[in-house]
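Peer 1: sharing a model that was predicted from the sequence below.
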Amino acid sequence: MRHATMWLVSILCAGLLAFGCSSDSKKGGSGGDTDTDTDTDADTDADTDTDADTDSDTGTDTESGTDTGTHGDTESDTGTESDTDSGSESDTGSDSDCAEDGDSCTTAICCPGLECCSGMPIPPGDEYCAPEGSCPVSDKNLKESFSEVDVDDVLERVAALELSEWSYIADESSARHMGPMAQDFHAAFGLGADGRHIHTLDGSGVALASIQALYRQLLDLEVENDELRRENDAMRAELRCLAERAAAIEQTLADQR
């Protein structure tokens, strides 16, 4: 009996040990699956990270592309402004192409600081450039320091002024002009800002003063002529009277013979 009991106990222990090994084996297999799942999860996380990185890179590239495009548009706009500015400068023309002081402004724009003088009393086609504010203005309210003009003296100066015909050196057409030199005009009348230009108003003023002097002289001559005519008529009347008296005397002498 004792041996039988021991044998049963041994069989039970062996069975228990076999069951325990089987459980451990199963547990070990489950742990392996867990590790595999963990690795799978890790791979999934890695893929997720990769996707995140990919998304991040993609987002960065997209933003970079957007920035680049924006900068490109900005540069394009800048180029457009550049072209516009260049075009404006081209249309306006450089200062080297503008008309200088005293030059004609009929076909060119006056240089900065100058204005085109036109209108009365400047004849059409004779427009010229002059410093701003110096174009002919005859409004009495804009003038001061008035003084009388001795027109007879002006006429004498005009009579002594040397006149000549000439052409401008820069005029390719060699058009002929007549008048005094600006230096001589300034020396004779002291008019204008310098001795290089004859201002239209000054030239017109001198001419008008001379015309007035000549007109006064003409009036004086007409008065003198009228007086001489009256004297001549009186002398003729007296001569006729003397002639009649002489004829009467001759007739009387003839009768006495």
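Peer 2: Everything's here; your move.
Peer 1: for the one helix or strand Asp233 maps to, packing partners?
Peer 2: Using DSSP states H and E, Asp233 falls within helix 200-256. Where contact means 3 or more CB pairs under 8 Å, 6 or more residues apart in numbering; DSSP states H and E, helix 200-256 is packed against helix 151-160, helix 182-189. From N, CA and C alone the C-beta is placed, and that goes for glycine too.
Peer 1: can you pull the alpha-carbon coordinates of stretch 244-252 into CSV?
Peer 2: C-alpha atoms of stretch 244-252 as CSV (Å, rounded to 0.1, in the frame of the first residue of the first chain):
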residue,chain,number,x,y,z
GLU,A,244,0.1,194.8,-108.0
ARG,A,245,1.6,198.0,-106.6
ALA,A,246,4.6,197.7,-109.0
ALA,A,247,2.2,197.2,-111.9
ALA,A,248,0.2,200.2,-110.9
ILE,A,249,3.3,202.4,-110.7
GLU,A,250,4.5,201.3,-114.1
GLN,A,251,1.0,202.1,-115.5
THR,A,252,1.2,205.6,-114.0
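Peer 1: okay, and for the stretch 1-150 of the chain, where does confidence drop off?
Peer 2: For the stretch 1-150 of the chain, the stretches flagged by pLDDT under 70 are 1-96, 120-121, 137.
Peer 1: repeat the analysis, applying 90 as the threshold.
Peer 2: 1-97, 101-102, 107, 117-128, 130-143 (pLDDT under 90).
Peer 1: next: the stretch 151-257 of the chain.
Peer 2: In the stretch 151-257 of the chain (pLDDT under 90), the answer is 170, 192-201, 254-257.
Peer 1: now do the buried residues in stretch 133-150.
Peer 2: Buried residues in stretch 133-150, counted by 16 or more other CB atoms under 10 Å: 135-136.
Peer 1: distance between the ends of that stretch?
Peer 2: The separation between the terminal residues of stretch 133-150, taken as CA to CA, to the nearest Å, is 28 Å.
Peer 1: contacting residues around it?
Peer 2: Applying CB atoms under 8 Å, 6 or more residues apart in numbering, the external contacts of stretch 133-150 come out as 115-122, 193, 199-201, 205, 209.
Peer 1: same deal with stretch 211-219?
Peer 2: 151-152, 154-155.
Peer 1: for those, which one is nearest Glu165?
Peer 2: Leu155 (22.2 Å; CB to CB).
Peer 1: please work out how many residues are found near that closest one.
Peer 2: 19 (other CB atoms under 10 Å).
Peer 1: how close does the nearest residue to it once chain neighbours are set aside get to Ser118?
Peer 2: Distances taken as CB to CB, 6 or more residues apart in numbering put Ala213 closest to Leu155, at 3.8 Å, once the chain neighbours are dropped. As for Ala213, its distance to Ser118 is 30 Å (criterion: CB to CB, to the nearest Å).
Peer 1: who has more neighbours, these two?
Peer 2: Ala213 (20 against 16).
Peer 1: most neighbours among the contacts of stretch 211-219, which one is it?
Peer 2: Val154 (21 neighbours).
Peer 1: is it correct that that one is in contact with Asp202?
Peer 2: No - between Val154 and Asp202 there is no contact under CB atoms under 8 Å: 11.3 Å.
Peer 1: residues that sit against both of those two, list them.
Peer 2: Phe189.
Peer 1: check which helix or strand Arg196 maps to.
Peer 2: Using DSSP H and E, no helix or strand contains Arg196.
Peer 1: quick one: neighbours of the spatially closest residue to it that is not a sequence neighbour, just the number.
Peer 2: Take Arg196 and drop its neighbours on the chain: the residue closest to it by CB to CB, 6+ apart is Ala182, 5.3 Å away. If you count neighbours by other CB under 10 Å, Ala182 ends up with 16.
Peer 1: return the distance of Ala182 relative to Glu231.
Peer 2: For Ala182 relative to Glu231 (CB to CB), the value is 48 Å.
Peer 1: got it, and Glu224?
Peer 2: Taking CB to CB, one finds Glu224 at 10 Å from Glu231.
Peer 1: ditto for Glu132
Peer 2: Taking CB to CB, one finds Glu132 at 61 Å from Glu231.
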